[in-house]
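Student: Just to be clear, the model below is a prediction. Sequence and coordinates:
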Amino acid sequence: MKAEIALLKGDGIGPEIVDSTVAVLEKTAQIYGHEFVFKPYLIGGCAIDATGQPLPEETVNGCLASDCVLLGAVGGPKWDGLAGDKRPEKALLGIRAALGLYTNLRPAKLYPALRAASPLKDEIVEGGFDIMIVRELTGGIYFGERGFREGRYGREAFDTEAYSVTEIERIGRVAFNTAMKRSRRVCSVDKANVLETSRLWRQTMHRLAEEFPDVAYTDMFVDNAAMQLVRDPRQFDVIVTSNMFGDILSDEASQITGSIGMLPSASLGDGTRGMYEPIHGSAPDIAGQNKADPIAAVLSGAMMLRYSLGLAEEADRIERAVDDVLNAGFRTADIMGSKQGSPLTCTEMTERILEAL
Ligand code: NAD
C-alpha cells in the first residue's frame, strides 16, 4: 500500500525519536512492499521560531491532506515565558481540534522483562499488566468557558467543565469496542458523587453498557482509581474517562510501568486519520544528547499502522521486535533500573530494533 504520513518532529528529543521511528517504518515498508511518503511540517517551539505561530496553517493543511500524523513532542524552557495561547503546547490542542480527534488511546503495559524498572513491589506487578486508557480529548474542563471575575474573596479565576450526551456516548463506544478486542472489561472513571458532568457521564455509560452485554462493566470514582492503579493495576483492562481525569491517570499508569519513554498513544476521530505520539514531552534535560528512549515513538508508529492504515500484521511485527530487544536485555538509560552495564544510546537502541525486525 501507499500512504502519506505527516511528520511533526517538534522540539527537544522530538526529532531524535521521530527519526528512529521513520527508520523502523521504512524498514517495515521494505519488508512488506509498502510505500510510505513522509512529509515534515513545523509544530511547537520550532514553528514559533520560524513563523511566529506554534501551529502554522501549512501544518494543519498538511496534516489534513495526509493519511495519518506522527508527532514527536513540543515545548521547552526557551518558550516557557510566552503567554498561554502563544506557547508551543497550545499547538497540541489546536491540531487535535483541527483533525477532530476526540479519542486518546493510551496503553500502559508493563513488560515482564522490565519488572525491575517499575516502582511497584514485585508481588503487585508479577506477570506484568496491560491497561488501555481511553481518554476523551476534545471536551471537558480543558475546553470549557474560563476567565477571571470578582468573587467572594476578590479577583478569582474559573474554568468550567461541560459534557454532552453525544460526547460521552461516542467515547464510551470506543471504550466498549476496544474492550471487545481485549479481555472485555471496562471501568468507567468519574466523580459522580460530586460533579454533575460525572453524573451524566455515569448514566450515559450505564445505558451504553446494556448494548454490550459481553463486556463486564464497572464504575469507579477517580480518587479510588488513582489508588487502585498502584494497589492492584492488574484488575484493569480498559479504563474510560474524561479529558482531565484521563490526563492525570494515564501519567500515573505510565509511571508504574517504569518508563515514560516506553509508552505510545493514538488520537483518533471518526475516520481513519489519526495522530500518533509518545506520551512523554520533549525532555529538554536530555535533548540533543542521543540519550532518549525511542521505544514510545516507535510503538506509536506501530499503533499508526494498526489503527490508521489497517496493517495489523506489520504493527505486530514492530511490537514483537521491541519485545525481543527488551528480552535480550538491551536498555536505554531510562529503563536500566538496577541493571549493570552502560545504557544504549537512542541510535543504538534503534539499530537493535531494526535488527530484530
Ligand atoms: P517530559 O516527558 O519531557 O520529561 C519528564 C522526564 O522524563 C525527564 O526527566 C525526561 O528526561 C524523561 N523522559 C521523557 N521522555 C523520555 C524518553 N523518550 N527517553 C528517556 N527519558 C525520557 O516532561 P516535562 O519535563 O514535564 O516537560 C518538558 C517539556 O515537554 C515541557 O515544555 C512540556 O510542556 C512539554 N510536554 C510536551 C508534550 C507533548 O508534546 N505531547 C507532553 C508533555 C510535556
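Tutor: Done, it's in.
Student: If you count neighbours, what's buried in stretch 334-351?
Tutor: 334-336, 343-346, 349-351 (16 or more other Cβ atoms under 10 Å). Heads up, the C-betas are built off the backbone N, CA and C, glycines and all.
Student: Name the nearest residue to whichever residue of the stretch 51-200 of the chain sits closest to the ligand, sequence neighbours excluded.
Tutor: Residue nearest to the ligand within the stretch 51-200 of the chain: G75 (2.6 Å; Cβ to the nearest ligand atom). Nearest non-adjacent residue to G75, counting by Cβ to Cβ, 6 or more residues apart in numbering: P88, 4.5 Å away.
Student: my guess is that neighbour contacts L42, does it?
Tutor: No. Taking contacts as Cβ atoms under 8 Å, P88 lies outside contact range of L42: 10.6 Å.
Student: And the two? Which one has more around it.
Tutor: In this view P88 and L42 are compared by other Cβ atoms under 10 Å, and P88 has more residues nearby, 26 against 22.
Student: What's the separation between that one and P15?
Tutor: 14 Å (Cβ to Cβ, to the nearest Å).
Student: What of R152?
Tutor: In terms of Cβ to Cβ, R152 sits 49 Å off from P15.
Student: the more surrounded of those two?
Tutor: When neighbours are counted by other Cβ under 10 Å, R152 and P15 differ, and P15 comes out ahead with 20 against 5.
Student: helices or strands up against the host helix or strand of that one?
Tutor: P15 is located in helix 14-32, with elements delineated by DSSP states H and E. Of the remaining helices and strands, those touching helix 14-32 by 3 or more Cβ pairs under 8 Å, 6 or more residues apart in numbering; DSSP states H and E are strand 2-10, strand 35-40, strand 68-73, helix 295-307, helix 312-327, helix 346-356.
Student: again, only this time at 6 Å
Tutor: For helix 14-32, the helices and strands in contact under the criterion 3 or more Cβ pairs under 6 Å, 6 or more residues apart in numbering; DSSP states H and E are strand 2-10, strand 35-40, strand 68-73, helix 295-307, helix 346-356.
Student: who touches the fourth one?
Tutor: To tie it back to what came earlier, the one meant is helix 295-307. By Cβ atoms under 6 Å, 6 or more residues apart in numbering, the residues outside helix 295-307 that reach it are 17, 21, 24-25, 68, 261-264, 266, 274, 276-278, 280, 311-312, 314-315, 318-319, 322.
Student: in what helix or strand does the residue minimising distance to the centre of the chain lie?
Tutor: Central residue of the chain (Cα atoms, centre = their mean): S265, 2.7 Å from the mean position. Assigning secondary structure by DSSP H and E places S265 in strand 264-268.
Student: Repeat that for E150.
Tutor: Per DSSP H and E: E150 is located in strand 146-151.
Student: How about residues contacting the helix or strand just after that strand?
Tutor: Next along the chain after strand 146-151, taking DSSP H and E as the criterion, comes strand 154-159. Here strand 154-159 makes contact (Cβ under 6 Å, 6+ apart) with 141, 144, 146, 148.
Student: Quick one: neighbours of R234, just the number.
Tutor: 14.
Student: I'd guessed it sits against F129; true?
Tutor: Yes. Contact status for R234 versus F129: in contact at 4.7 Å, counting by Cβ atoms under 6 Å.
Student: mind giving me the domain ranges of the protein?
Tutor: Residue ranges for the domains of the chain, per automatic domain parsing: 1-101+264-357, 119-256.
Student: how about the shortest one against the ligand, any contact?
Tutor: No. Contact check for domain 119-256 against the ligand, using Cβ under 6 Å from any ligand atom: none in range, with a minimum separation of 8.9 Å.
Student: And the average pLDDT for that domain is what?
Tutor: Here domain 119-256 scores 95 as its mean pLDDT.
Student: Same question for the longest one.
Tutor: Domain 1-101+264-357 comes out with an average pLDDT of 95.
Student: List the contacts of the strand holding E150.
Tutor: So strand 146-151 is in contact with 157, 159, going by Cβ under 6 Å, 6+ apart.
Student: so that strand versus strand 154-159, what angle?
Tutor: Relative orientation of strand 146-151 and strand 154-159, computed by axes from the mean of the first three to the mean of the last three Cα atoms, to 10 degrees: 150 degrees.
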